[in-house]
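Participant: Predicted model follows, preceded by the sequence.
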Amino acid sequence: MSWLIGRWIGVGTGQYPTIEDFRFGQEVQFSCDGRPFLTYWSRSWELDDEGNRVRPTATESGFLRPLADRTVEFLLTHPTGYSEIWEGSVEVTGLVQDTITGAKMELRTDVVARTEESKPYTSGHRLYGLVEGDLLWTFDMAAMDQPLQNHLAARLHPDVAAAADGD
């Protein structure tokens with residue numbers, strides 16, 4: 001999972017039958033303090049047609065834990081009233097001189113716990129990929145009595161300024 005470590009920033013699109021389509025900016029960070037898991041944090045904001053920030057849209061945080069046989073658990077919490085346990089797998093798809101140049105992680109929700117006041121979200125599917133040095137990801141969800149379908153997708157670039165600062 002070392003290919004995920006760092007701060008990533010970029011732009012994505014959102015859509016769902018119950019809302020209007022939108023563009024969003026996002027910042028994601030995966031970090032490791034030496035223990036056998038990654039800490040995850042993400043925030044995003046809606047963008048206008050010129051690419052300016054309009055308003056915050058989502059925040060999530062959690063932990064990504066590697067298990068046996070290249071499987072992983074991803075524990076996520078959201079301030080909107082739900083927590084998820086995701087299960088999945090990680091695969092390295094490209095390796096050049098001991099450097100990972102391609103990888104993917106595919107996850108599906110095992111548990112979605114939500115408060116009484118939160119929206120009726122029931123399941124999800126996420127795919128993360130290291131492609132041409134960028135982090136691409138997509139999120140499909142079943143919510144609001146709709147079947148599982150794409151909701152979000154983004155392309156994030158390594159935050160070179162954060163890497164230079166030692167973040």
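Facilitator: Structure's in. What do you need? Numbering: from 1, shown residues only.

Participant: Report the buried residues of stretch 145-163.
Facilitator: Across stretch 145-163, burial judged by 16 or more other C-beta atoms under 10 Å covers 151-152, 154-156, 159. For the C-beta atoms, the positions are set from N, CA and C on the backbone; glycine is no exception.

Participant: Give me the phi and psi for Leu4.
Facilitator: phi -80, psi -20 (degrees, to the nearest 10).

Participant: so the residue nearest in space to the middle of the chain is in which element?
Facilitator: Nearest to the mean C-alpha position of the chain, by C-alpha atoms, centre = their mean, lies Trp137 at 6.3 Å. Element membership of Trp137 [criterion: DSSP states H and E] is strand 134-143.

Participant: Let's test this: name the helix or strand in the protein with the lowest mean pLDDT.
Facilitator: Scoring the helices and strands of the chain by mean pLDDT, DSSP states H and E places helix 160-165 at the bottom, with a mean of 64.

Participant: still on that earlier bit, within its sheet, name the partner strands of the strand holding Trp137 and how each one runs.
Facilitator: Applying DSSP bridges to the sheet, strand 134-143 is found paired with strand 121-131 (antiparallel), strand 149-158 (antiparallel).

Participant: For those strands, give me CSV that also has mean pLDDT and distance to Val96.
Facilitator: Formatted as CSV, the strands paired with strand 134-143 follow (pLDDT from 0 to 100; distance: least, C-beta to C-beta, whole Å):
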stretch, mean pLDDT, distance to Val96
strand 121-131, 97, 12
strand 149-158, 98, 17
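
Participant: Kindly reformat those as JSON lines containing distance to Pro79.
Facilitator: JSON lines is the format used below for the strands paired with strand 134-143 (distance: least, C-beta to C-beta, whole Å):
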{"stretch": "strand 121-131", "distance to Pro79": "14"}
{"stretch": "strand 149-158", "distance to Pro79": "17"}
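
Participant: that's a strand at Lys119, yeah?
Facilitator: No - looking at Lys119 with DSSP: H, G, I helix; E, B strand; the rest coil, it is coil, so not inside a strand.
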